[in-house]
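Participant: Got a sequence here, can you build the structure:
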Amino acid sequence: MSEVLSPPQTDTIAVLSADVPVSATLHVWLKAKGPNAPGTMAFVCRGEKIGEVSVENSEEYVFRPFVVVSGGALDCLYDTTTTAVSVAYFFNAAEVVENGITVLHTSVANAPAPVRDGYHFRPPFGWMNDPNGFGRFGGRPHLFYQHYSHGLRWNTMHWGHAVSTDYLRWHHMPIFLFPSEDLTARPDKRGGAFSGSAIPLMGDAGIRVFFTEQVIERTPETQIQLTATSHNIITASEAHVILPNRPSDLGLTLDFRDPYVVRGPDGLWKMVLGSLSQQGGVVLLYETDDPAAADGWRFVGTLLLEDRYGASVIECPCLLPLNGPADAPETRWALLYGMVNSVDVRTGRKNLTLIAVGSFDGVRFLRDFEQELDFGTDNYAFQAFVDGETAVGIGWLANWADVSHAVDFPTAMTLPRQLILRGDRVLTPPVPTVETLRHQLVDDRKLLAGQPVGFTSGAVEITIELSHAGSPFELLFDHPHTEVGVEVNDEGLAIRFRRSGDDSEVPRYIVAGAKPSRISIFLDTGSIEVFADNGRWAGTKRIDGFEPVRGARLLAESGAVLSAKIFSLCL
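Facilitator: The predicted model follows:
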């Protein structure tokens, strides 16, 4: 006879309850609280025990899946004296792209950010940094990202995953990519599945991902490149190594990372990676004749050398055609790259990201011009792809100059942005669907008249139209812990930023000489994003903590500002 149980009524037994669909897959992470007893979770469906999972590890949470075939009322029971649970969620594989996962449990250590009305992408639990594998697969935009489930600090890297229809409203998917069992056994920050990219599988609805595996103590290579596939876009296959070594004759540091794969003008798959040589930061180029991009990768050469801004490792390179098909000779290409440890001595800003635009013949990249991606610098590890006829990208809304591996903060992605070539300039406006975030017009008179305007929530968009290009103004925000604002003056366009009580010299987030006519400012808990003249200039700055901006005041001479509007935003 089947064992029939009721949830026990004791102080040490915890119960996670939910009504789950038929053929629900449950993902749980648990660990033993000590060496003398395993960590165990039992599953009771409609009063009948249908199984249990158990782990011995007392150092780090261990992943365990379980399938509830019949569905219905489910109780997940564990003894809190012997077992700790970090994350539990469930999903139906046939419906997860449409509906996402349902989170049953998080802990104090990894709980999602307490953000009301937030419209930036955030993970459902844990830590997040670089976007990975950003692309449209199966007709929908997919975002993968660097992720650690069990805390709000950087640790062993996995790939998280989400899917959308409009780049703004996301369904959280199951954790996609796991490091090796050895790396996940302890929370010791030794490595994991680091940043990379994704391409569609040939004749299949699935994808192939490319990523850097890092293992700190491994010799002679700390970082190597792997690939894996997924036919269901839910879980990845076992990965295999495609690049076990750096090029041997370039004098490179151990840095060798962040593969981005794109179809080249000659029809071959190309891969760019970042590193550092004695001459400066480098972008390395590889290619393969394999139509599936699964193997046969060979080193072509150094695509770019960057010897400015200090000894800067190039990270997260991204190469893509901007204004036409990849195989058209007249198409201009963009090469984007972040420079960790870089410093702009004029402003004190660190970890800059550049966009170089030029021609690419499959072997050589000839730069026509370049520009900064973001004058606020908190749009880092930016990754883009061509969606239809327009490139779309997204970045990590942070910067290692301000964020320690050991500091909690409101982790988020930037607003997704288009990359539009206009002459010798790349415009980076937010994707057009941001207009659907507008909930209601809050004000179109008081701000323009110089009166303070309060916000009911920190999720707002402010649009400013100037009487002529470069008309000076100051827009000051009310925030409890940070002096923040936007201004245009004789020097250019700037984000004013200083933490309250901080008397040290701070960077100047400025575009020297910029004379914008129209400015859109997006505020959310933890961030400000500025787009001037349809993204001709863009600036992004993270704001510490979970307190929203509470209001704004505009200072300008009479007639300098034609209009100033405030819209509340929500998903």
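
Participant: Please, which helix or strand holds the residue nearest to L476 when sequence neighbours are not counted?
Facilitator: Distances taken as CB to CB, 6 or more residues apart in numbering place G485 nearest to L476, at 4.5 Å, with adjacent residues excluded. For glycine as for every other residue, the C-beta is placed from the backbone atoms N, C-alpha and C. Element membership of G485 [criterion: DSSP states H and E] is strand 482-489.

Participant: which other helices and strands contact that strand?
Facilitator: Contacts defined by 3 or more CB pairs under 8 Å, 6 or more residues apart in numbering; DSSP states H and E place strand 482-489 against strand 473-478, strand 492-499, strand 518-524, strand 527-532.

Participant: let's see 7 Å
Facilitator: Judged by 3 or more CB pairs under 7 Å, 6 or more residues apart in numbering; DSSP states H and E, strand 482-489 is in contact with strand 473-478, strand 492-499.

Participant: tell me what the first one is packed against?
Facilitator: For strand 473-478, the helices and strands in contact under the criterion 3+ CB pairs under 7 Å, 6+ apart are strand 482-489, strand 551-555.

Participant: so what's the residue lying closest to P507 once chain neighbours are set aside scoring on pLDDT?
Facilitator: Sequence neighbours aside, G348 is the residue nearest to P507 in space, at 3.9 Å (criterion: CB to CB, 6+ apart). G348 is assigned a pLDDT of 95 by the prediction.

Participant: ok, now the one 10 residues further on?
Facilitator: With respect to pLDDT, G358 scores 98.

Participant: That one: what's it in contact with?
Facilitator: G358 makes contact with R332, W333, F365, L366, R367, D368 under the criterion CB atoms under 7 Å, 6 or more residues apart in numbering.

Participant: And these, which of them are buried?
Facilitator: Buried members of the contacts of G358, scored by 16 or more other CB atoms under 10 Å, are R332, W333, F365.

Participant: My read is that the first one contacts L421, right?
Facilitator: Yep, that's R332 we're talking about. Yes - in this structure, R332 is within contact of L421 by CB atoms under 7 Å, at 6.2 Å.

Participant: Can you find the helix or strand of this protein with the lowest average pLDDT?
Facilitator: helix 181-184 (a mean of 92; mean pLDDT, DSSP states H and E).

Participant: Would you mind listing the buried residues in that one?
Facilitator: Buried-residue list, helix 181-184, by 16+ other CB under 10 Å: L183, T184.

Participant: From the contact counts, what lies against that helix?
Facilitator: So helix 181-184, by 3+ CB pairs under 7 Å, 6+ apart, packs with no helix or strand.

Participant: C-alpha coordinates for it, PDB please?
Facilitator: Extracted as PDB, the C-alpha positions of helix 181-184 are listed here (Å, rounded to 0.1, in the frame of the first residue of the first chain):
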ATOM      1  CA  GLU A 181      30.300  19.200 -10.000                       C
ATOM      2  CA  ASP A 182      33.800  19.900  -8.600                       C
ATOM      3  CA  LEU A 183      33.300  23.600  -8.900                       C
ATOM      4  CA  THR A 184      29.800  23.600  -7.400                       C
END
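
Participant: surely L319 meets W333?
Facilitator: Yes - if you go by CB under 7 Å, L319 and W333 touch, sitting 6.4 Å apart.

Participant: which residues in the stretch 201-350 of the chain form strands?
Facilitator: Assigned by DSSP state E, counting those that start in this stretch, the stretch 201-350 of the chain shows strands spanning 207-215, 223-230, 240-243, 256-263, 269-276, 281-288, 298-306, 313-321, 333-340.

Participant: mind listing what the shortest one pairs with, with the direction of each?
Facilitator: Strand 240-243 has the following sheet partners, assigned by DSSP bridges: strand 223-230 (antiparallel).

Participant: what residue ranges in the stretch 101-250 of the chain score low on pLDDT?
Facilitator: Within the stretch 101-250 of the chain, no stretch has pLDDT under 70.

Participant: Contact partners for the residue nearest to P507?
Facilitator: Contacts of G348 by CB under 7 Å, 6+ apart are E505, P507, R508.

Participant: how about the helices and strands packed on strand 482-489 in CSV, adding distance to P124, mean pLDDT and mean neighbour count?
Facilitator: As requested, those are arranged in CSV below (distance: least, CB to CB, whole Å; pLDDT from 0 to 100; neighbours: other CB atoms under 10 Å):
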stretch, distance to P124, mean pLDDT, mean neighbour count
strand 473-478, 29, 98, 19
strand 492-499, 29, 95, 20
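
Participant: Mind putting those strands into TSV with distance to L74?
Facilitator: Below are the helices and strands packed on strand 482-489 laid out as TSV (distance: least, CB to CB, whole Å):
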stretch	distance to L74
strand 473-478	46
strand 492-499	46
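
Participant: Which of these sits closest to V426?
Facilitator: When the helices and strands packed on strand 482-489 are compared by CB to CB, strand 492-499 sits nearest V426, at 16.6 Å.

Participant: shouldn't V53 be in contact with F66?
Facilitator: Yes - between V53 and F66 there is a contact under CB under 7 Å: 5.9 Å.
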